[in-house]
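Enquirer: Here is a sequence together with a model predicted from it:
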Amino acid sequence: MRRELCFNLTIGLVGALFISPLYAKEASFELMMTGSELKFCRSTQLNQCNPESVTRFSKDITRQSKLYKLSMAQINKAMSADYWHSSRQVLRFELNIFLTEFAKKVGTSAMSYEQLINRWKSLTIGQGNNTYSGHTLFLRLNNDEHDMVFDFLEDAQSDGFGRGLKEHVNFDDTKFPNSRAQAKIIIEQSRLKNNRTTPNIILITAGSRDSFAEVDAYSAFFNSLGANTDWLPIDRALNTLLVDKAKCEKLDRYREKFLNSFQRENIYRDKTDLQQQYCTQPQKITQLIEQADGVVFIGDSPMLLRDSLIIHGRIISETLRLIKQRVKKNQLFVAALGSVSRAMVGDSNQQPVIIAGRGENVMAYGTDKFSSTNLYCQGAFVCQPKATIFSEGGIGLFDFSIIDTRFSKRGRFARLANVAMDSGHQFGLGIDQDTAVLVAQGESGLKLKVSGLAGVTLLQQDITVPKAKHHELNNLKISYFTTGDILTIIDQKIAVEYPNWKTKVTTFLNQPQDYKNLFFSDNFYRFAQQACLIDDKRWIGFAGRKKGYKLSLEKPRNAHLMMGGLKIDGGFKLYCSFHALNLDLTRR
């Protein structure tokens, strides 16, 4: 059924196919947000390399994926009562017994994470009348406890002289050309700011609990594409310490308290030493930002990035103040990669940053503010609150709408719509994987340009209408824009300019298809893409494991339906953009 739909779509587009570069030369923008992190061939993530590239990384001179050892000295440190909550001391006691016996059985050989947890989960230890199941103990760890224990067990990777190995990148591997193209956009946009032949780009990895792990790879990647790249070693620990005016000798303790990050000096000595230098000489932060043409935010936690730049929830860090100042003067380009894009929203309490949540759960349990939600988990390692959680206020670089990422592939339309509805926001913007939104604010209004392999969903609600019961969505406007589409927003009104290789859809070749559970994976995306394929003005699907919700899409008279194709990597890719469809999602 799916093959038939794609085949008919191809037939309808052959006559209109326009062979054009996917990434044309850009005008100047201020901000770029991507729906996923960049992927490129690197020695710690060999799954991102073509097979022939894997052998190019020598284990003797290249950092590999993290390795772990069951050293008794490190186990004793991890099992210190000071690191465990008072309610978790029984778990700590049992885990100490288990890990001690585990270490006796496996010795101190280095293991990958997968090897370690496989052996951990398969082992049961008997002591006296008690047995300790490795699988059960592992599942009883919450996220913070898991990260703390594995930080202590991580083994340093060094050469024969004791120097820490650096992660390497294979620049010739082209497995992910879209990531390379997005990085080139960042470099070109940065170059345009101050007309340097080689732009200065700084990496800010404060969106990661381990702010040192991504530095080598991203630095090498951007350098290989023509940038002069530096790492700005700020994170929540350093910026909080500077605001508190504490002594730099306490930086390790701040790292433990505010990042739940332990013994990083054993793993990344050169980087922790550099962070200490910036602590004792904070003017270096100012100097590096003032010399920069571009800033790239990296990490998997939008909330952690925000807390790294807005200290104690209210104090704007010097880092953020300088970045905003230079962006306002049109001297600095900012890019946010993946999850941290969600933190770009306005810094007022009315601007939510989505932290966690799932589509079906949000319909059943709604949304909740982080400040009123206890995320401390007493049970399993995988601990997710039932409601969709959001915090109040981002870092203030994008005021137009709420942001969500990895949008279509994870079926996140319901969570974005409910957060927008519950926080009183008219717009929500969902950015797909392998897709970027470029932002420029000018006299003619806010301009958004879509770039990449997938698209961007725009949800719009009438905030003057009272909220529906049971988190239902009534008469929501939904649009989907793909590469080359340019939106201009003036006074909350949206005008769309489509590239000339997209044409208005006038011929429909398919019948509506049935997609099971529209909350799951990319089922809703495929369901909505039928707008360009079927003649029906309204079509219906179901969501939820027991089809507990009915979802309908409708094409009003003023809706836009545009299609076109681009030549990409020896083939061509088809795009369907639509604007201002009506969406209803109700309980059955």
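Expert: That came through fine. From a predicted model like this one, the values you see are computed outputs, not experimental measurements.
Enquirer: How confident was the prediction at Tyr376?
Expert: We have a pLDDT of 46 for Tyr376.
Enquirer: Ignore what I typed, I meant Arg2.
Expert: 41.
Enquirer: for Leu416, same thing?
Expert: Per-residue pLDDT puts Leu416 at 96.
Enquirer: May I ask which helix or strand encompasses it?
Expert: helix 413-422 (DSSP states H and E).
Enquirer: Just the CA trace of that helix, in PDB.
Expert: Only the C-alpha atoms of helix 413-422 are listed here, as PDB (Å, rounded to 0.1, in the frame of the first residue of the first chain):
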ATOM      1  CA  PHE A 413       2.300  17.100  17.300                       C
ATOM      2  CA  ALA A 414       0.000  16.400  20.300                       C
ATOM      3  CA  ARG A 415       2.600  17.300  22.900                       C
ATOM      4  CA  LEU A 416       3.500  20.600  21.100                       C
ATOM      5  CA  ALA A 417      -0.100  21.500  20.600                       C
ATOM      6  CA  ASN A 418      -1.000  20.900  24.300                       C
ATOM      7  CA  VAL A 419       1.900  22.800  25.600                       C
ATOM      8  CA  ALA A 420       1.000  25.700  23.400                       C
ATOM      9  CA  MET A 421      -2.600  25.500  24.500                       C
ATOM     10  CA  ASP A 422      -1.900  25.200  28.200                       C
END
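Enquirer: which of the residues in the next helix or strand after it are buried?
Expert: Using DSSP H and E, the helix or strand that directly follows helix 413-422 along the chain is strand 427-431. Of the residues in strand 427-431, those buried under the neighbour-count criterion (16 or more other CB atoms under 10 Å) are Phe427, Gly428, Leu429, Gly430, Ile431. Using the backbone N, CA and C atoms, a C-beta is placed for each residue, glycine as well.
Enquirer: Which single one of those is nearest to Asn50?
Expert: Nearest to Asn50 among the buried residues of strand 427-431, counting by CB to CB, is Ile431 at 26.9 Å.
Enquirer: can you tell me which residues contact the nearest residue to the closest one once chain neighbours are set aside?
Expert: Once flanking residues are discounted, Ile431 sits nearest to Gly35: 3.5 Å by CB to CB, 6 or more residues apart in numbering. Applying CB atoms under 8 Å, 6 or more residues apart in numbering to Gly35 gives the contacts 338, 341, 405-407, 430-436, 452, 454, 456.
Enquirer: Now with 10 Å, please.
Expert: Shown in contact with Gly35 (CB atoms under 10 Å, 6 or more residues apart in numbering): 337-339, 341, 403-409, 430-437, 452-456.
Enquirer: distance of the residue lying closest to Ala103 once chain neighbours are set aside from Phe102?
Expert: Closest residue to Ala103 apart from its sequence neighbours, by CB to CB, 6+ apart: Leu70 at 3.9 Å. Using CB to CB, to the nearest Å, Leu70 is found at 6 Å from Phe102.
Enquirer: Find the residues that touch each one of these two.
Expert: Residues touching both Leu70 and Phe102 (CB under 10 Å, 6+ apart): Leu116, Arg119, Trp120.
Enquirer: Type out the PyMOL command that picks the buried ones from those.
Expert: One line in PyMOL is enough to select the buried members of the shared contacts of Leu70 and Phe102, burial here meaning 16+ other CB under 10 Å:
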select buried, resi 116+120
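Enquirer: Please flag which of the shared contacts of Leu70 and Phe102 sit within helices.
Expert: Assigned to helices by DSSP state H, the following of the shared contacts of Leu70 and Phe102 qualify: Leu116, Arg119, Trp120.
Enquirer: thinking again about what came up before, tell me, how many residues neighbour the residue nearest to Ala103?
Expert: Neighbour count for Leu70, taken as other CB atoms under 10 Å: 23.
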